[in-house]
Structure formats: C-alpha cells, structure tokens
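K.L.:
here's my sequence, what's the structure:
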Amino acid sequence: MKSSSRLDSAVFQLTPTRTRFVRFVSTPEVLERVYALESEILQIEEAIAIQSNNEIGLAMVKDHQTKSVEHIEVLLKKTSSIPFLVL
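P.N.:
Okay, the predicted model is just below:
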C-alpha cells in the first residue's frame, strides 16, 4: 500500500509542474522559436546533403576524366605502334 500512495503522491506533485510546463511550451513565442529552430536544422541538413552530393558528383567527374585520359593514352600507344602506309 505504501508504494501506491507514494506513486499517487508523486503524480499529484507532478501534475502542477506538468501543467506549468505545458502552459510555457504552448506560448506563441516558444512555439515560434521551436519552429524557427526546426527550419534552420532542416536547411542545414539539406545543405549538407547537397554539398555531399556535389562532392560525389565532382569525384565521379574527376574519375571519368582520369579514365578518359588513360583510355586516350592507351589508344595513342596502340596507334603509334601500327606502321603507316605511305603512298
């Protein structure tokens, strides 16, 4: 019985605190601030995603350019070893 009375007492004491908290959190100023912070966080996350996509894209372009240069070098070596017919 004591444990249930302790629990009831704790709930009874927390109810006014919870009520004050809900009143504070539901004020327009706090709600606007929370909304502003969430918007800023989303913008930062989007910027990070865009930047990492750009970095991945740049790495792919550089890799493609490197492969193209290597391919051209191989072709040049092959064609330079082929004797040309002079007419």
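K.L.:
in the chain, which spans are helices?
P.N.:
For the chain, the helices defined by DSSP state H occupy 2-25, 28-80.
K.L.:
least reliable of those helices going by mean pLDDT?
P.N.:
Mean pLDDT across those is lowest at helix 2-25; the value there is a mean of 72.
K.L.:
count of neighbours near residue 29?
P.N.:
Residues contacting residue 29 under the criterion other CB atoms under 10 Å number 8. No exception for glycine: its C-beta is placed from N, CA and C like everyone else's.
K.L.:
swap that for residue 42, please
P.N.:
For residue 42, the count of nearby residues is 10 (other CB under 10 Å).
K.L.:
list the contacts of it.
P.N.:
With CB atoms under 8 Å, 6 or more residues apart in numbering as the criterion, no residue contacts residue 42.
K.L.:
from residue 15, how far off is it?
P.N.:
As judged by CB to CB, to the nearest Å, residue 42 and residue 15 stand 35 Å apart.
K.L.:
same question, residue 6
P.N.:
Taking CB to CB, one finds residue 6 at 15 Å from residue 15.
K.L.:
same question for residue 40.
P.N.:
Noted for residue 40: a distance of 34 Å to residue 15, by CB to CB.
K.L.:
what do you get for residue 33?
P.N.:
Taking CB to CB as the measure, residue 33 falls 26 Å from residue 15.
K.L.:
just residue 59 next, same as before
P.N.:
Using CB to CB, residue 59 is found at 57 Å from residue 15.
K.L.:
then residue 41?
P.N.:
Relative to residue 15, and taking CB to CB, residue 41 is found at 32 Å.
K.L.:
same check on residue 31?
P.N.:
Distance, residue 31 to residue 15, using CB to CB: 23 Å.
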